[in-house]
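Participant: only the shape, not the letters, is given here:
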């Protein structure tokens with residue numbers, strides 16, 4: 001059966017050729033970008049906010065501007081009018097969710113939100129065991145030289161794992177793996193570089209997952225740098241449980257620091273019982289002696305701030321090698337996983353820190369399936385990974401295409417955001 005149509009119900013004079021309900025000479029796309037478009041689909045715990053081209057899809061938001069549902073999905077069926085080949089899709093989202101620092105398409109020096117500005121990035125550990133970058137059971141690669149081109153000619157600050165610290169490919173936050181510590185005697189050693197010595201500003205950020213919290217009166221170091229004159233703390237990010245020498249607060253995150261060797265150390269703490277075991281947390285700590293401010297962020301939100309009057313950090317080489325997973329002692333050892341440790345020689349903005357958290361805490365997944373009769377559908381495709389351009393290579397022939405948007409969040413304060421989606425097709 002052959003059918004010629006000039007699309008008399010439309011506004012153009014294109015002629016389509018159909019053979020047995022298949023379009024032969026048509027190419028085009030369908031774009032959903034407005035509240036009218038999204039209204040054609042079915043939402044579960046998702047909703048449309050905004051109107052016209054400013055509309056987007058998010059998790060359902062309550063009257064307190066929170067997101068009570070951790071997951072939700074949206075499906076929409078597109079009818080091409082005849083059998084076509086669905087070729088590719090692209091979409092626009094707020095942040096490149098689940099992407100490591102430096103690995104989204106537009107991350108780089110002086111990048112603007114939603115991408116990560118890697119200017120000033122001194123240190124970056126993905127903890128992925130990437131053999132192409134010389135990582136193995138012992139060696140850990142510093143990826144800052146690849147993410148921050150301003151640093152490309154400088155020394156790469158690789159690290160080593162000791163006493164059984166190892167990559168965990170099952171429980172990780174971003175990328176293929178995270179670094180696991182047993183809380184007994186293993187650790188990662190960075191030698192004496194990169195040091196924060198001589199800096200006026202820095203930001204340290206990362207993810208951690210505690211298998212167990214420290215016993216009462218103790219602490220567990222996540223990242224540690226010593227003073228230059230002695231085995232004291234210059235910078236320490238840790239979990240503590242009412243340690244009398246620190247903030248003395250139960251089950252909490254503490255940022256301990258000093259500017260001048262030998263001066264009294266300052267403790268900043270996120271509050272009692274702000275840390276529980278077996279849950280991923282993102283932390284970011286900021287030291288700023290230019291503006292005399294210090295900040296601690298937990299899961300993308302400001303937890304505590306201070307206005308201590310500070311000086312430039314002493315320009316002395318650390319007394320001991322920097323470490324991850326414990327300090328130089330024998331007691332403050334971390335039992336759990338650490339991922340995506342990054343150190344900048346500048347103060348990150350509120351939006352930059354929120355972006356770092358959103359990348360790991362939020363997910364937006366898109367998949368498709370097709371049908372000839374809108375009754376029997378193929379299996380759902382694997383999740384597409386490239387929002388700029390993803391090829392539809394599985395079950396891509398049919399009159400109907402249904403796409404599914406799945407969203408999830410680890411925080412009731414934030415939601416993934418889908419701005420628009422475009423599906424491309426061609427004649428069979």
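Facilitator: The structure has been received and is ready for your questions. The structure presented is a predicted model; accordingly, all values stated were derived computationally and were not measured.
Participant: what about residue 421, which SS state?
Facilitator: At residue 421 the chain is in strand, as set by DSSP: H, G, I helix; E, B strand; the rest coil.
Participant: the stretch 51-200 of the chain: helices as residue ranges?
Facilitator: 144-147 (DSSP state H, counting those that start in this stretch).
Participant: where does the prediction get shaky in it?
Facilitator: 152-153, 192 (pLDDT under 70).
Participant: in it, which spans are strands?
Facilitator: Listed in chain order, the strands of the stretch 51-200 of the chain (DSSP state E, counting those that start in this stretch) span 56-59, 71-93, 121-125, 139-140, 159-162, 166-168, 178-182, 187-189.
Participant: residue contacts, residue 78?
Facilitator: Going by Cβ atoms under 8 Å, 6 or more residues apart in numbering, residue 78 touches 30, 400-403, 423. C-beta here means a position set from N, CA and C on the backbone, and glycine is covered the same way.
Participant: can we see that at 6 Å?
Facilitator: Going by Cβ atoms under 6 Å, 6 or more residues apart in numbering, residue 78 touches 30, 401.
Participant: ok, now how distant is it from residue 85?
Facilitator: As judged by Cβ to Cβ, to the nearest Å, residue 78 and residue 85 stand 14 Å apart.
Participant: hmm, back to that, could I get the strands of the stretch 51-200 of the chain as a markdown table with distance to residue 260?
Facilitator: As requested, the strands of the stretch 51-200 of the chain are exported to a markdown table (distance: least, Cβ to Cβ, whole Å):
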| stretch | distance to residue 260 |
| --- | --- |
| strand 56-59 | 47 |
| strand 71-93 | 45 |
| strand 121-125 | 21 |
| strand 139-140 | 31 |
| strand 159-162 | 27 |
| strand 166-168 | 37 |
| strand 178-182 | 31 |
| strand 187-189 | 25 |
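Participant: of all those strands, which lies closest to residue 381?
Facilitator: Taking Cβ to Cβ, strand 71-93 is the member of the strands of the stretch 51-200 of the chain nearest to residue 381, at 9.9 Å.
Participant: just the buried positions in the closest one, please.
Facilitator: Neighbour counts over strand 71-93 (16 or more other Cβ atoms under 10 Å) mark 72-76, 78, 80, 82-86, 88-91, 93 as buried.
Participant: so how far is it off the chain centroid?
Facilitator: Centroid displacement of strand 71-93 relative to its chain, using Cα atoms, centre = their mean, to the nearest Å, is 26 Å.
Participant: quote the end-to-end distance of stretch 128-142.
Facilitator: Terminal residues of stretch 128-142 lie 11 Å apart, using Cα to Cα, to the nearest Å.
Participant: now that stretch: buried residues?
Facilitator: Under 16+ other Cβ under 10 Å, the buried positions of stretch 128-142 are 128-130, 133, 135, 140-142.
Participant: farthest-apart pair in those residues, please.
Facilitator: Pairwise distances across those (Cβ to Cβ) peak at 14.3 Å, for the pair 129 and 142.
Participant: shaky segments in the stretch 251-400 of the chain?
Facilitator: Counting by pLDDT under 70, the stretch 251-400 of the chain contains no low-confidence residues.
Participant: which stretches of it form helices?
Facilitator: So, for the stretch 251-400 of the chain - with DSSP H, counting those that start in this stretch - the helices run 350-361.
Participant: look up how far residue 296 lies from the residue nearest the centre of the chain.
Facilitator: Centroid-nearest residue in the chain, with Cα atoms, centre = their mean: residue 359, separated by 2.3 Å. As judged by Cβ to Cβ, residue 359 and residue 296 stand 19 Å apart.
Participant: so which residues make contact with stretch 405-413?
Facilitator: 59, 66-67, 70-74, 299, 361-366, 415-416, 418.
Participant: for that stretch, measure first residue to last.
Facilitator: In stretch 405-413, first residue to last residue: 20 Å (Cα to Cα).
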